[in-house]
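Undergrad: no letters, just coordinates:
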């Protein structure tokens, strides 16, 4: 039986807050929120990965399985606090290749 390839999608996001948020802290909050919404099994099937090479100024990129894009965006919207600091997580477009993301990051901030 053939195994289907995992088609990834890339979601740029921005965390709006008063202070700078560290990458590890943001990653932990994103993974916890998705784990709460999707459960452990769903989160592992979603194959969520926060890409460290794109992190700057409270902005970054998440890679996710194509069938879990809407669920991940919903779990990001549920993040209200990171380390007792009120935050808003905004997402923009969804991209299918890293090449598009790299050109976008070279032009402007997320």
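TA: Alright, I've got the coordinates. Since we're looking at a predicted model, the values are computed, not measured. Numbers count the residues shown, from 1 in each chain.
Undergrad: can you tell me the element residue 64 falls in?
TA: Here residue 64, judged by DSSP states H and E, is contained in strand 59-65.
Undergrad: who does the next helix-or-strand element following that strand touch, helix- and strand-wise?
TA: As assigned by DSSP H and E, the chain's next helix or strand after strand 59-65 is helix 69-77. Secondary-structure packing of helix 69-77 (3 or more CB pairs under 8 Å, 6 or more residues apart in numbering; DSSP states H and E): strand 8-16, helix 23-46, strand 88-91. Quick note: C-beta positions are derived from backbone N, CA and C, even for glycine.
Undergrad: hey, what's the angle from the longest one to strand 59-65? Just curious.
TA: Looking back up the chat, that one is helix 23-46. 20 degrees (axes from the mean of the first three to the mean of the last three CA atoms, to 10 degrees).
Undergrad: and the closest residue to residue 43 other than its chain neighbours, how far from residue 13?
TA: Leaving out its chain neighbours, the residue that sits closest to residue 43 by CB to CB, 6 or more residues apart in numbering is residue 35, at 4.6 Å. As judged by CB to CB, to the nearest Å, residue 35 and residue 13 stand 17 Å apart.
Undergrad: between those two, who's got more neighbours?
TA: Per other CB atoms under 10 Å, whichever of residue 35 and residue 13 has more neighbours is residue 13, with 22 against 16.
Undergrad: count the neighbours of the closest residue to that one other than its chain neighbours for me.
TA: Of all residues not flanking residue 13 in the chain, residue 91 sits nearest, at 4.9 Å (CB to CB, 6+ apart). A count of nearby residues for residue 91, using other CB under 10 Å, gives 16.
Undergrad: what do you get for residue 42?
TA: Burial of residue 42, expressed as a neighbour count using other CB under 10 Å, amounts to 14.
Undergrad: for residue 20, same thing?
TA: Number of residues near residue 20 (other CB under 10 Å) recorded here: 9.
Undergrad: find the nearest non-adjacent residue to it, please.
TA: Nearest residue to residue 20, sequence neighbours excluded (CB to CB, 6+ apart): residue 58, at 6.5 Å.
Undergrad: cheers, nothing more for now.
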